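**Student:** no sequence for this one, just the structure:
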């Protein structure tokens, strides 16, 4: 697999105020394939005698910037290998694995919407190798997947509301703000192909008396939000561009993006609604029959390491899953998810897997009428 690395040019110090906000968000919205464009190891083998290239499917954008800094570079140095990070939607990963299995070319695939359970049941990913991924034993019970048969989540996340603090007052506490006439035409809604869109639907169902196995209340509530929305977007970079241009001032998305935007000093924050939220995990799974299976398990173990998880939390804003990883001080204040984990419920992965196709078809019909 090859990748063309984008060229970036420097510039003068941006003006303060709205222009600074727009410029900074536009940079953040660029999909950066940092891991593929960074320096590569010398080629000598490191710990474990490994060599060659590990191909990791990832989410792109600012997430991959953090992944490159905190995980990829230290991993390459430790094991003397090259890590190639490929930006691809999880839905596309699943489609390729279904069609080609290990021949799709990935050694590690990252999921954020529960697709790992479906992939395991289909025999596309390997069961947990606890002899290599020893850090899995210290994972929070909520991070376990498929009854502990596959790798646990390496980071916790949730879907909530990213809002412009200069334009949205008071701070949101519920999903109701998305249909408030005051913000008509200023709301961004993620598509159901994005994990945040799927979780929004589940949250709407939960707060209206339903849930994953009774999704009608979620779909019934969706038109009011769509009526208030300016855009239904398909990825994080698009959302940040809309925020930067102030085409929207409220958007549904994940806590990691909210953290990154706030950390850059921009007037945005992330709100965890008081009801209906979905706790979900980011997982790295080993492709069954891949060329680098053992090295792939070293990668999984590396992401589950408590020190790596704290560093990733500081860089990317996702809460650790390792019980030995301690988030303290200012970092804890900046991670709203860290104090909300106990009151958030994971989604029913089995119900989601069984209904995702039908939900998507129904969603597309509703969105197409907006």
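**Tutor:** Structure's in. What do you need? Note that the structure is predicted; figures quoted are calculated from it, not measured.

**Student:** show me where this structure has strands.
**Tutor:** 53-58, 82-87, 108-111, 155-164, 187-190, 229-233, 250-254, 268-271, 278-286, 319-320, 345-346 (DSSP state E).

**Student:** May I see the ones you listed organised as JSON lines, with distance to residue 329 and mean pLDDT added?
**Tutor:** To be clear about C-beta, it is placed using only N, CA and C from the backbone, and glycine gets the same treatment. Output for the strands of the chain, formatted as JSON lines (distance: least, C-beta to C-beta, whole Å; pLDDT from 0 to 100):
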{"stretch": "strand 53-58", "distance to residue 329": "29", "mean pLDDT": "98"}
{"stretch": "strand 82-87", "distance to residue 329": "30", "mean pLDDT": "97"}
{"stretch": "strand 108-111", "distance to residue 329": "28", "mean pLDDT": "96"}
{"stretch": "strand 155-164", "distance to residue 329": "19", "mean pLDDT": "94"}
{"stretch": "strand 187-190", "distance to residue 329": "32", "mean pLDDT": "98"}
{"stretch": "strand 229-233", "distance to residue 329": "34", "mean pLDDT": "95"}
{"stretch": "strand 250-254", "distance to residue 329": "23", "mean pLDDT": "95"}
{"stretch": "strand 268-271", "distance to residue 329": "19", "mean pLDDT": "92"}
{"stretch": "strand 278-286", "distance to residue 329": "23", "mean pLDDT": "94"}
{"stretch": "strand 319-320", "distance to residue 329": "14", "mean pLDDT": "92"}
{"stretch": "strand 345-346", "distance to residue 329": "28", "mean pLDDT": "87"}
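
**Student:** need those strands in a markdown table with mean neighbour count and distance to residue 177, can you?
**Tutor:** What follows is the strands of the chain, written out as a markdown table (neighbours: other C-beta atoms under 10 Å; distance: least, C-beta to C-beta, whole Å):
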| stretch | mean neighbour count | distance to residue 177 |
| --- | --- | --- |
| strand 53-58 | 22 | 31 |
| strand 82-87 | 21 | 31 |
| strand 108-111 | 26 | 29 |
| strand 155-164 | 26 | 7 |
| strand 187-190 | 25 | 9 |
| strand 229-233 | 20 | 12 |
| strand 250-254 | 27 | 7 |
| strand 268-271 | 22 | 9 |
| strand 278-286 | 26 | 18 |
| strand 319-320 | 28 | 24 |
| strand 345-346 | 14 | 21 |
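
**Student:** Could you dump those into CSV and include distance to residue 174?
**Tutor:** Listed next are the strands of the chain as CSV, based on distance: least, C-beta to C-beta, whole Å:
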stretch, distance to residue 174
strand 53-58, 32
strand 82-87, 33
strand 108-111, 28
strand 155-164, 9
strand 187-190, 14
strand 229-233, 17
strand 250-254, 12
strand 268-271, 9
strand 278-286, 15
strand 319-320, 22
strand 345-346, 16
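
**Student:** Where do the helices of the stretch 201-350 of the chain begin and end?
**Tutor:** Using DSSP state H, counting those that start in this stretch, the helices of the stretch 201-350 of the chain run over residues 216-228, 236-244, 255-263, 293-304, 306-316, 329-334, 349-368.
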